[in-house]
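J.: Build me a structure from this.
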Amino acid sequence: MTLSHEAGFEPLSRPSTPELIAERLREAITRGRLTPGQQLGEASLAAQFEVSRGPLREAMQRLVAEGLLRSERNRGIFVVELSDDDVRDVYQARKAIERAAVIEVLGGDPAAAAARLRGPVEALRAAAAAGDGSAVADADQAFHEVLVDCAGSPRLHRAMRTLLSETRILLGELEEAYPDLREQVTEHVVLRKAIAAGDEAAAVRLIDEHMDDAVRRLLARRAQLAL
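T.: Down below sits the predicted model:
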């Protein structure tokens, strides 16, 4: 029996306008061009994107669902501000996800994972050598995304993607918390070596230390700025 045009399939299409707007806004938030607490004006953004307010609102609601924007009744849409408790919660959640990912990776093919992690580590080295904090943050994020992807779990991957959007906002703050960007390189080099060696205990411990260190640095920097 031949499948007819009456089966109800629709032509494949390119990413929708709301998806593209959400992508642009997400990048602006994670790069710091839209700052925490900033209100998003619909009229201004619609004019800049040259779209109607419908797809813009849909895009913003997607980012509200992701936790990058917050909606206040009768006030509007604002870029999220991550509190100290949010910082702790984000990194605690990441710790749980990355521990699980490491255990899965080391129960499978750690050599293949270590090979995939070489690229982000080299990107970290190059960015740190150039003194480019933003590129270091990008490579840092790429390392952890690849690590979780190596676990082969779609659910861990999806959960990590959501957390990385929030983490990328915090990485902008974290740049200023490292007097020497090479410290970040070292942390990832040591973790990659533990994975390559198949040392589960060391890899899990290093994940915990890496996340805990990020929280300490972020909160210490915030406390210093508050003085």
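
J.: What residues of the helix ranked longest in the chain count as buried?
T.: The single longest helix within the chain, with elements called by DSSP state H, is helix 200-226. Under the neighbour-count criterion of 16 or more other Cβ atoms under 10 Å, helix 200-226 has 200, 202-204, 206-207, 210-211, 213-215, 217-218, 221 buried. C-beta coordinates here come from the backbone N, C-alpha and C atoms, glycine included.

J.: Stretch 105-122 now?
T.: Those buried within stretch 105-122 under the rule 16+ other Cβ under 10 Å are Val105, Leu106, Pro110, Ala113, Ala114, Arg116, Leu117, Pro120, Val121.

J.: Stretch 18-30 too?
T.: For stretch 18-30, the neighbour count (16+ other Cβ under 10 Å) marks Pro18, Ile21, Ala22, Leu25, Arg26, Ala28, Ile29, Thr30 as buried.

J.: elements contacting the helix or strand of the chain with the lowest mean pLDDT?
T.: Across the helices and strands of the chain, mean pLDDT, DSSP states H and E gives its lowest value to helix 154-175, namely a mean of 85. In terms of contacts (3 or more Cβ pairs under 8 Å, 6 or more residues apart in numbering; DSSP states H and E), helix 154-175 is packed against helix 17-30, helix 84-106, helix 133-149, helix 200-226.

J.: who wins for proximity to Glu187 among the ones you listed?
T.: Glu187 lies closest to helix 200-226 among those, at 5.5 Å (Cβ to Cβ).

J.: quick one, the closest one and helix 133-149 angle?
T.: 150 degrees (axes from the mean of the first three to the mean of the last three Cα atoms, to 10 degrees).

J.: Domain parsing of the protein, as residue ranges.
T.: 17-79, 84-226 (the TED database).

J.: ok, back up a step: closest to Glu42 out of the buried residues of stretch 105-122?
T.: Distances from Glu42 to the buried residues of stretch 105-122, taken by Cβ to Cβ, are shortest for Pro120, at 37.4 Å.

J.: Find the centremost residue of this protein, please.
T.: Leu164 (1.9 Å; Cα atoms, centre = their mean).

J.: how deep is the residue nearest to that residue when sequence neighbours are not counted tucked in, by neighbour count?
T.: Nearest residue to Leu164 in three dimensions, chain neighbours excluded: Gln141, at 5.7 Å (Cβ to Cβ, 6 or more residues apart in numbering). Close neighbours of Gln141, defined as other Cβ atoms under 10 Å, add up to 17.
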